[in-house]
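Enquirer: From the sequence below, what's the structure:
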Amino acid sequence: MEQGTHIQVKTNIKVVRFGGRDLIPSEVRLRHLQQLVEESEDLYPGIDVWFRRKVVPELKSRSLRSALVLYDGAEPVGAAVVRRDKDAKLCSLRIREESQARGLGSLLMSLVVAEIRLNRAEEIHFTIAAHMWEGAIGEFLKRYGFEFKGLAKTQYRRRRKKMLPLFDSDPEFACSAPFSAVWRNVEEKLSEGFENFTLNGSFGDIDILLSIRPKFARQIVKGEKRVELRRRFSEKWRGARAVIYSTYPERSLVGEATVEEIITGAPDEIWEEWKDDLGCTFEEFSEYSSGKTQMYAIRLGAVIAYAVPIPISQLEFHVSGNLPVPQSYVNLKKQSKWQSALKWGSILSANR
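Expert: Here you go, the predicted model:
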């Protein structure tokens, strides 16, 4: 390696979601969430009781309560608890201090807002101690359009006798914002931190989108098909990272792969060399290569299958517009709407 050359290694942040439509959380995940929530015990004595009596039963009953936990490796570094409704509530939001400068706050807010949007929220509200609203946390929240609305009707800390001396000087504020305003600000800040990490091992630097028929797309993500055929392709995509689009009727992103090698040759040469990796019959191959004197065999590697396919319709909903999909492939670096969609894809895949 040449002196002075730097290779940026992105941190993979794992996102675990539970509550609502998902499976009941494991006890280990609940303990991690509890640890992060209870780090606010000095500000909210009794928050442990709220967590045990309210949060845990509602998460286990698949109610409108949801929770998200961020992991850096095995270490939980951030968490949020929300109630998903038309008048949604941000119940708890925490990023550990050592991780706050890495863009994880923006990531967690994006995850929260994507979660809330599924329930067609009209407003998001929360309560916060006055000194926090006037400090760094408040400045962070104001960037998303939240505003002070007055003293909170319920002063949770006033219920605790040892907090009474603080009430007059540090009451709890009620803050809120229209969902549309928060959404707009999340979209503007969506790229913050994405240069530093990937989510759940996927949606890193994607270069191209490959359109592949559902049968063959499934074979690729299952590891049954290692070579994809194209009548036209470019050598410049060697080493590129591709997202795999399963065409009609699925119309979904199903995984990722790296273009490891591009081999050109006459159709009979390509078939003889790669027939065991193409995932198709000789009849299918002959039909596709009919009339061509040269074919492209694209050897794929480092395949990641998404846990749940992401429908293009969901991405279009989040970017508020149509996403053009090609018959063969497209350079995503030149597609600004697709760049935004991939970031939302990362968020959506993490929220599943």
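Enquirer: pLDDT weak spots in the stretch 201-350 of the chain?
Expert: Along the stretch 201-350 of the chain, the model assigns pLDDT under 70 to residues 201-204, 350.
Enquirer: Repeat the analysis, applying 90 as the threshold.
Expert: Counting by pLDDT under 90, the ranges of the stretch 201-350 of the chain that qualify are 201-205, 306-308, 314, 317-321, 334, 336-337, 339-350.
Enquirer: where do the strands sit along it?
Expert: For the stretch 201-350 of the chain, the strands defined by DSSP state E, counting those that start in this stretch occupy 208-212, 227-230, 241-246, 252-265, 295-311, 329-331.
Enquirer: what distance separates the first one from the centre of its chain?
Expert: So the one you mean is strand 208-212. Its chain's C-alpha centre and that of strand 208-212 lie 20 Å apart, by C-alpha atoms, centre = their mean, to the nearest Å.
Enquirer: For it, which helices and strands make contact with it?
Expert: strand 241-246, strand 329-331 (3 or more C-beta pairs under 8 Å, 6 or more residues apart in numbering; DSSP states H and E). No exception for glycine: its C-beta is placed from N, CA and C like everyone else's.
Enquirer: returning to that earlier point: out of the strands of the stretch 201-350 of the chain, nearest to residue 152?
Expert: Closest to residue 152 of these is strand 295-311 (C-beta to C-beta; 37.7 Å).
Enquirer: same for the closest one, what does it pack against?
Expert: Judged by 3+ C-beta pairs under 8 Å, 6+ apart, the packing partners of strand 295-311 are helix 214-221, strand 227-230, strand 252-265, helix 267-274, helix 336-350.
Enquirer: Let's have the ones you listed in TSV, adding distance to residue 313 and mean neighbour count.
Expert: Shown next, in TSV, are the helices and strands packed on strand 295-311 (distance: least, C-beta to C-beta, whole Å; neighbours: other C-beta atoms under 10 Å):
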stretch	distance to residue 313	mean neighbour count
helix 214-221	16	20
strand 227-230	25	21
strand 252-265	9	19
helix 267-274	34	16
helix 336-350	11	21
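Enquirer: would TSV of those with distance to residue 151 be doable?
Expert: Output for these, formatted as TSV (distance: least, C-beta to C-beta, whole Å):
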stretch	distance to residue 151
helix 214-221	53
strand 227-230	61
strand 252-265	46
helix 267-274	70
helix 336-350	34
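Enquirer: Among the ones you listed, which comes closest to residue 85?
Expert: Nearest of the helices and strands packed on strand 295-311 (C-beta to C-beta): helix 336-350, 20.2 Å.
Enquirer: So what angle separates the directions of that closest one and strand 252-265?
Expert: 120 degrees (axes from the mean of the first three to the mean of the last three C-alpha atoms, to 10 degrees).
Enquirer: Test my guess that residue 38 contacts residue 48.
Expert: Yes - with contact defined as C-beta atoms under 8 Å, residue 38 reaches residue 48; the gap is 5.3 Å.
Enquirer: Between the two, tell me which one has more neighbours.
Expert: The neighbour comparison of residue 38 against residue 48 (other C-beta atoms under 10 Å) goes to residue 38, with 16 against 13.
Enquirer: Tell me the secondary structure of the more buried one, please.
Expert: Secondary structure state of residue 38, per DSSP: H, G, I helix; E, B strand; the rest coil, is helix.
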